Structure formats: C-alpha cells, structure tokens
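1. Predicted model and sequence follow; I will ask about them next.
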Amino acid sequence: MSKSIVFPGQGSQYLGMGKHLYDNFSVSKRVFEEVDDALGFKLTEIIFGNNSDKLNLTENTQPAIMAVSVATLEALKNEKGVKINDFNFCAGHSLGEYSALVAAKSIKLADAAKILKKRGQAMQNAVPLGQGAMAAILNIEVSDLEKFIEKSNFLSIEISNDNCPGQCVISGKKEEIDSFVILIKNELKKKAISLPVSAPFHCKMMKSAAEDLENFLKQFKIIDPLIPIISNVSVSPIKKSSEIEQLLISCVYNRVRWREIVEFLNKNNVSECIECGPGKALTNMFKRFEFNIKCVKVDNIEDLKNYA
C-alpha cells in the first residue's frame with residue numbers, strides 16, 4: 001500500500017498558526033526566519049499577530065500558509081523521523097502545490113516565498129476590487145453544475161474548484177455570481193454560499209496574473225522533485241522540472257481538480273495520507289469520499305505527539 005502527503009491552500013489560514021512550532025522547534029523557527037529574510041519583512045509578525053485583515057491579504061496569506069506547512073513538515077522530520085521519501089506521492093491544494101514542491105526539494109524555500117508573494121499580488125491586481133467574486137455550491141455533482149452554468153448563460157462564470165463529491169466553487173464577475181447564487185437556490189434548491197474573497201481565483205479572469213507570474217518565474221531554478229507531485233491542472237504525477245513551470249502558471253487561471261487528485265491517489269493504492277499544515281480542510285474533504293484512505297492532519301503539538 002502507498003502513502004501520500006498533502007498540503008492545504010488558501011482558506012486554511014488563521015491568526016497564530018504555527019506559533020507552537022516557532023516556540024518549540026528550532027528547525028521550524030528556522031523556516032519562519034528564512035521566509036522573513038527572503039521577503040524582506042516580518043511575515044511572522046502578521047501570522048502571529050492580531051490583524052486578520054493583514055493575514056487575509058492574499059499576498060500575505062499565500063507565503064504564510066506555505067511557511068507554516070513547511071515548518072510543520074520540518075518538525076515531523078525532526079521529531080518523528082519522517083522522510084519525504086517515505087511517501088509515494090505529494091500534492092497541494094492550489095498554492096499548497098508550492099509547499100509540496102519545497103517538501104520535494106524541487107523549489108528552494110526562500111524562492112517559494114518570493115514567488116507566492118508575487119503570485120498573490122498578481123492575482124489580486126488582475127481584477128479590480130469588488131468586480132469579481134466566488135461562491136461555494138454544495139450537494140451538486142460537478143457535471144450537473146457545469147450544465148446549469150451553461151444553461152444560465154452567465155458567460156464569466158466557471159467552476160474554479162472541484163474539491164470533493166458535492167462541493168464545488170465557482171468564480172466570475174460579481175454581478176453574475178450574485179445572480180447565479182439566487183438562481184441555483186431557487187431553481188435547484190441547492191445550498192450556495194458567497195465567499196469572502198478579494199478576487200475571482202482560478203478562472204480566465206486571472207489570465208493577466210498568470211502572465212505576470214510567468215515573467216517572474218524565469219529568475220528561479222526548479223529541479224526534479226524527489227517524489228512525484230500530483231498537479232492541480234493535469235492530475236498526473238510530475239517527475240521532471242521541465243513540466244513544473246508551465247503547470248504552475250496554468251494553475252492560476254485553471255480549475256483546481258482536487259476531487260480527481262484524491263481519485264488518482266485511490267487508484268494508485270494510497271491508504272495513508274498526512275495533511276501537513278494549518279487547519280483540516282483537506283482531511284475533511286477526504287471524508288466525503290467512499291475510499292479507504294485514512295487522512296491524518298498535523299497542525300499542532302498535540303497532532304505531532306499523536307502522529308505514529
């Protein structure tokens with residue numbers, strides 16, 4: 001049987017995340033210090049502070065979640081003897097793919113922090129504030145949602161996240177998303193929740209952000225990962241550095257295919273999985289599948305102590 005390690009994406013952040021790691025494990029503290037040095041400011045003060053608005057700025061959120069995820073992995077390696085080669089596959093939800101690349105030694109930690117800062121800025125600047133929106137659509141299969149979007153004739157709306165059975169996210173122009181939420185509630189009696197985001201991620205409205213990221217990525221060295229990373233875009237194992245850059249660029253404006261990633265893991269006999277980083281969003285998603293994959297979250301000292 002196989003094992004995998006997965007890393008969370010945006011939405012998993014919370015104030016104070018990773019502070020227990022910083023205070024108790026020197027290997028984790030070094031991760032936070034390296035990220036601060038790379039960015040040229042104290043991201044740790046935002047992560048451990050009390051201003052949620054600052055943490056929730058996507059240009060801060062993205063490198064923050066990556067830093068906490070990598071710091072968690074370093075604590076696991078140091079305290080529990082975990083090695084990245086213990087896992088057959090590695091994956092990350094959207095920005096979590098950068099955590100996966102750092103874990104698999106494909107991208108340097110400092111470089112990932114700089115890239116995610118730029119990625120967040122580019123994604124925020126791609127659409128003026130207030131013009132884009134996202135909404136979670138629950139208890140509907142992705143194929144049925146695709147048909148309903150086509151029928152509704154809202155041209156900007158796309159499925160941006162296919163997370164797990166019965167949980168999708170849509171992105172598009174704010175006025176169209178607002179109207180669609182009302183429409184799907186009234187016509188299909190489905191639960192739809194507008195999300196508190198500052199831009200419509202993972203849709204064609206992010207094309208200019210992808211172009212900005214493409215130019216920025218050219219200055220960084222990417223090498224072959226130590227273990228295969230399952231791409232959010234292609235849902236196939238990445239083994240060569242030559243594939244990585246274009247997939248990272250495409251991820252900005254393409255659907256996050258997390259449901260298919262979990263199906264891939266199941267087909268490849270994965271029975272154990274660790275969610276490494278803040279929160280338990282991915283662990284909860286795994287529970288929505290009728291697969292025999294045990295996913296364990298590692299987010300705090302108690303989780304670390306209990307990990308076997």
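-> Cool, got the structure. Since the structure is predicted, the reported quantities are computational estimates derived from the model, not experimental observations. Residues are numbered from 1 along each chain as shown.

2. can we go C-alpha only for contacts and neighbour counts from here?
-> Fine.

3. Where does the residue lying closest to residue 213 once chain neighbours are set aside sit: helix, strand or coil?
-> Distances taken as C-alpha to C-alpha, 6 or more residues apart in numbering place residue 119 nearest to residue 213, at 6.1 Å, with adjacent residues excluded. Secondary structure, DSSP: H, G, I helix; E, B strand; the rest coil: residue 119 is helix.

4. can you tell me which residues contact residue 119?
-> Taking C-alpha atoms under 8 Å, 6 or more residues apart in numbering, we find residue 119 in contact with 59, 209, 213.

5. Off-centre distance for the longest helix that the chain contains?
-> Longest helix in the chain, counting residues (DSSP state H): helix 58-80. Between the centre of helix 58-80 and the centre of its chain there are 12 Å (C-alpha atoms, centre = their mean, to the nearest Å).

6. Could you pull out the buried residues of it?
-> Buried residues in helix 58-80, counting neighbours by 16 or more other C-alpha atoms under 10 Å, are found at 58-76.

7. mind listing the strands in this protein by residue range?
-> Ranges of strands in the chain, per DSSP state E, are 2-7, 89-92, 132-138, 158-164, 167-173, 191-194, 229-230, 237-238, 270-276, 294-298.

8. neighbouring contacts of the last one?
-> Applying C-alpha under 8 Å, 6+ apart, the external contacts of strand 294-298 come out as 72, 271-280, 283, 286, 303-304, 307.

9. Please parse this structure into its domains.
-> 2-126+204-306, 132-194 (automatic domain parsing).

10. Go through the contacts of strand 294-298 and name the one nearest residue 4.
-> Checking the contacts of strand 294-298 against residue 4 by C-alpha to C-alpha gives residue 273 as the nearest, at 4.8 Å.

11. Quick check: that closest one touching residue 1?
-> No - with contact defined as C-alpha atoms under 8 Å, residue 273 does not reach residue 1; the gap is 11.3 Å.

12. if you count what's nearby, which of the two comes out ahead?
-> Neighbour totals were compared for residue 273 and residue 1, and residue 273 leads with 22 against 8 (other C-alpha atoms under 10 Å).

13. Now for that one: which residues touch it?
-> By C-alpha under 8 Å, 6+ apart, the neighbours of residue 273 are 3-6, 293-296.

14. how near is it to residue 154?
-> 38 Å (C-alpha to C-alpha, to the nearest Å).

15. Disregarding flanking residues, what is the spatial nearest neighbour of residue 226?
-> residue 104 (5.0 Å).
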